[in-house]
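Engineer: need coordinates for the following:
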Amino acid sequence: MNSKGHWDSIYQSKRDQEMSWTQDEPVICLRLIGEVCSSGRVIDVGGGTSVLAERLSDRGYRVTVLDISEAAIERSRKRLGAKASQIQWIAADVTAEPGLEVFDVWHDRAVFHFLAASNERAAYRRLLLQSVPVGGHAVIGSFALDGPEKCSGLEVRRYDGPMLAEELGPQFILLKSEPEMHITPWGKPQSFQFSLFKRI
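Structural biologist: Next comes the predicted model:
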């Protein structure tokens, strides 16, 4: 099964409370985005059924959600009802380098750590560079070095801030990294890290 089929199958067969990454409020992500951008354009890469896009839109940001799973996007649009029209929705694989506009902040909670192949990470970097101008920022969350080694049946790569900075290259400077102990809907702790970068 390809990546799109894998994620569509998960979103078609599981409720949000059956998926480990579900959280009621994306507190750390909202705070980090707010630290560098009080308004403007934000893209949530791998937004899935997260409430982040809704929270950002409510705060006046212009929001785009990109996710490989059309099933996830459809579920989010249904949940939001009329408010869904305030958000731009893109069903696409980030490693296929879809044509995107320019954003003040690129947000990714747990997409990059699934990119096991070097060519996938290179495609991600190219799209990131095209989409975030000098002075823009990226917030990237991944499993931390002591986090899980697998998620949804897939191997993941674990990172700390400096490791992510090396992956993104010299055009992005690491401003800060913060740990987060995410608690799954069934009470299991998962160690994440969130790193904030500035495009230079």
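
Engineer: which stretches in the protein count as helices?
Structural biologist: With helices called from DSSP state H, the chain shows them at 3-13, 27-36, 52-58, 70-80, 118-131, 161-168.

Engineer: now for the shortest one, which elements pack on it?
Structural biologist: It stands for helix 52-58. helix 27-36, strand 41-45, strand 62-67 (3 or more Cβ pairs under 8 Å, 6 or more residues apart in numbering; DSSP states H and E). Yep, even glycine has a C-beta here, placed from its N, CA and C like the rest.

Engineer: so for the longest one, what gets flagged as buried?
Structural biologist: Under the neighbour-count criterion of 16 or more other Cβ atoms under 10 Å, helix 27-36 has 28-30, 32-33, 36 buried.

Engineer: relative to its centroid, which residue of this structure is most remote?
Structural biologist: Using Cα atoms, centre = their mean, the residue of the chain lying farthest from its centre is A82. It sits 23.6 Å away.

Engineer: so what's that residue scoring on pLDDT?
Structural biologist: Note for A82: predicted pLDDT of 95.

Engineer: against R41, how distant is it?
Structural biologist: With distances taken as Cβ to Cβ, to the nearest Å, A82 is found 21 Å from R41.

Engineer: which residue packs closest to S50, ignoring adjacent ones?
Structural biologist: Distances taken as Cβ to Cβ, 6 or more residues apart in numbering place P26 nearest to S50, at 6.3 Å, with adjacent residues excluded.

Engineer: please report how far the one you found lies from V51.
Structural biologist: For P26, the distance to V51 equals 7 Å [Cβ to Cβ].

Engineer: with L145 instead?
Structural biologist: Separation of L145 from V51 (Cβ to Cβ): 28 Å.

Engineer: what is the burial count for the residue nearest to S50?
Structural biologist: Neighbourhood size, P26 [other Cβ atoms under 10 Å]: 20.

Engineer: for I200, which non-adjacent residue is closest in space?
Structural biologist: Closest to I200 by Cβ to Cβ, 6+ apart is I173, at 5.3 Å.

Engineer: so the one you found bridges to which residues?
Structural biologist: K198 (DSSP bridges).

Engineer: contacting residues for it?
Structural biologist: Under the criterion of Cβ atoms under 8 Å, 6 or more residues apart in numbering, the neighbours of I173 are 165, 197-198, 200.

Engineer: repeat for A123
Structural biologist: 94-97.

Engineer: redo that, cut-off 6 Å
Structural biologist: 95, 97 (Cβ atoms under 6 Å, 6 or more residues apart in numbering).

Engineer: and the gap between it and L115?
Structural biologist: For A123, the distance to L115 - Cβ to Cβ - is 8 Å.

Engineer: likewise S39?
Structural biologist: Taken as Cβ to Cβ, the span from S39 to L115 is 30 Å.

Engineer: one more: K83?
Structural biologist: In terms of Cβ to Cβ, K83 sits 31 Å off from L115.
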